[in-house]
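Peer 1: predicted coordinates and the sequence they were generated for:
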Amino acid sequence: MQVYIEKELVMIPMALNSFYYNIPFGAKKIVFSKTVSISEEFMEILLNYINELPTEKHIILDLENIDYAFKLFEEFQKINRPLIFININTQSLREKIKENLPGIQLDSKGTNGTLNAYFNKSVLDICSQYSSCISHKVYVKIVKELIDKVKKSSGEPHKLDSSGLYSNMYVNVKKLFLEPECYYAIVYGLARKIVDSDIEFDGFVSSSKNGALLANLLGMLLDKKVIHIMGIGPKYSMNIGNVQKEIKKRKNYICIFDFRCTGTEMKILSALINANDAYVQGYAGIAVYKYDLKDVSENIMLYLVDIKDEEIPYKIAGEKEDLIKLMDD
C-alpha cells in the first residue's frame, strides 16, 4: 500500500493504490481513465491494512478521481475507528457515500467528511492542509528512496554521463523497476499529469533506457506511439536515417525522461525532433533538479517532484574536486 505517514496521520491516496491493484497483469493493453474504479478485491486489502494499523493512528482517505460500485463503501461501517474522507469532488460520489454511510458527517461544501468522529477546527485544518498533496507526498517518498548518497570516503562522486558533470547523489531509477507498486504509482502519476494538462500529442519519445521503460507503459495506458532514441548526450551517436524514419513530419510529441539534471539530453532531443519538421509539445518525467522556463521555451514541463523544492541536498559540479569541496561545505 502506497501511503504517507506523518506523526499520527496515515494518508492513503485511494486512486493511486487502486490503480495498481486493478491492473490486469499480463494484459496486452492497459487503459488509463480519469476515474479509477475500486474493486471488491482492493477494498478487502484496504480494510485489512486499516485494521492492522495502531489505534492511535488517524486515517485520511483521499477520494480524488475514484469511483466505486454501489454499496461497496458500506464496508467502512465495519471499522470502529475515526476515518477522515477528503476530496469528495463529484455529486455522484457524494450521493453514493451519503447513502452507503448514513453516519458520515460532511462539511458545508460536502467535499470532506468524517466517520466515527466529529468535525472540529483540527479536523477542518487537516482536510484543508492535505486535500491537494497526499499523492505528491507519496511521490516525494518514492524519489527519496531512489537516491543513493555518494559517501565521502569513496572519493568517487557520481559522473553524469548525459551532461559530463559530477554529483554527490545518484537518483537510481533502476531501483524503481524492482518495486512494482512504486513503479506503477510513478507511471500513474505521470499519466494523470499528462491527461490533466490537456496537451494534444501523437506519441512519446524517450532518449534513455529508464525513460524507455516509463514511455512504454505510458504508451500502453494512453494508447500512443512510443519512439526510443538512444545515445543522446556528450557521447551522442545516432543513425539519422532511423530518426527520420520514426519521427513523422508535423506530428506532436511529449519527451519522457526519468530525472532531469541540467536538461542537456532534452535540448538535443528537441533539436532532433524539430529538425525533422515535428514538434515537442511538452516534457514529462519523475523528478527535476534544475528547471528554468528559458530552457524549454513555450513547452510544458510535467514532473512529480522538484528536488530543490523538497530540500534534497543534491549538488553538481564540473570537476570532481569542486564537488568534493561542495560536499565538505
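Peer 2: Ah, there it is. Note that the structure is a prediction, hence the values are computed from the model and not measured. Numbers count the residues shown, from 1 in each chain.
Peer 1: only C-alpha atoms for contact and neighbour calcs from this point on.
Peer 2: Fine.
Peer 1: any idea how the protein splits into domains?
Peer 2: Annotated domains of the chain cover 4-132, 148-306 [automatic domain parsing].
Peer 1: can you pull the phi and psi angles for I12?
Peer 2: Backbone geometry at I12, expressed as degrees, to the nearest 10, gives phi -120, psi 110.
Peer 1: list the contacts for it?
Peer 2: 2-4, 59-62, 134 (CA atoms under 8 Å, 6 or more residues apart in numbering).
Peer 1: how does it look with 10 Å?
Peer 2: 1-5, 46, 50, 59-63, 85, 134-135, 138 (CA atoms under 10 Å, 6 or more residues apart in numbering).
Peer 1: name the nearest residue to D202, ignoring sequence neighbours.
Peer 2: N252 (5.3 Å; CA to CA, 6 or more residues apart in numbering).
Peer 1: surely the one you found is in contact with S270?
Peer 2: No: using CA atoms under 10 Å, N252 is not in contact with S270, being 11.3 Å away.
Peer 1: ok, the residue nearest to D202 to I66 distance?
Peer 2: 30 Å (CA to CA, to the nearest Å).
Peer 1: quick revisit: and the contacts of I12, which are buried?
Peer 2: Listed as buried from the contacts of I12 are 1-5, 46, 50, 59-63, 85, 134-135, 138; burial here means 16 or more other CA atoms under 10 Å.
Peer 1: those in helices, which ones?
Peer 2: 46, 50, 134-135, 138 (DSSP state H).
Peer 1: lowest average confidence, helix or strand, in this protein?
Peer 2: helix 293-296 (a mean of 50; mean pLDDT, DSSP states H and E).
Peer 1: parallel or antiparallel, list what pairs with the helix or strand that that one is followed by.
Peer 2: Next in sequence after helix 293-296, counting helices and strands by DSSP states H and E, comes strand 300-306. Applying DSSP bridges, strand 300-306 is found paired with strand 279-288 (parallel).
Peer 1: sort out which residues of the partner strand are buried, please.
Peer 2: 279-288.
Peer 1: now swap in stretch 111-124 and tell me
Peer 2: For stretch 111-124, by 16+ other CA under 10 Å, it's 111-115, 123.
Peer 1: just the helices in the stretch 201-329 of the chain please.
Peer 2: Assigned helices in the stretch 201-329 of the chain, in chain order: 209-222, 240-246, 264-275, 293-296, 320-328 (criterion: DSSP state H, counting those that start in this stretch).
Peer 1: which of these comes out lowest on mean pLDDT?
Peer 2: Comparing mean pLDDT across the helices of the stretch 201-329 of the chain, the weakest is helix 293-296, with a mean of 50.
Peer 1: returning to that earlier point: adding secondary structure, write the buried residues of stretch 111-124 out as CSV.
Peer 2: Formatted as CSV, the buried residues of stretch 111-124 follow (DSSP: H, G, I helix; E, B strand; the rest coil):
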residue, secondary structure
T111, coil
N112, coil
G113, strand
T114, strand
L115, strand
V123, helix
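Peer 1: using CSV, lay out the residues you listed together with distance to E246 and pLDDT.
Peer 2: Formatted as CSV, the buried residues of stretch 111-124 follow (distance: CA to CA, whole Å; pLDDT from 0 to 100):
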residue, distance to E246, pLDDT
T111, 47, 92
N112, 48, 94
G113, 51, 92
T114, 53, 93
L115, 54, 92
V123, 54, 91
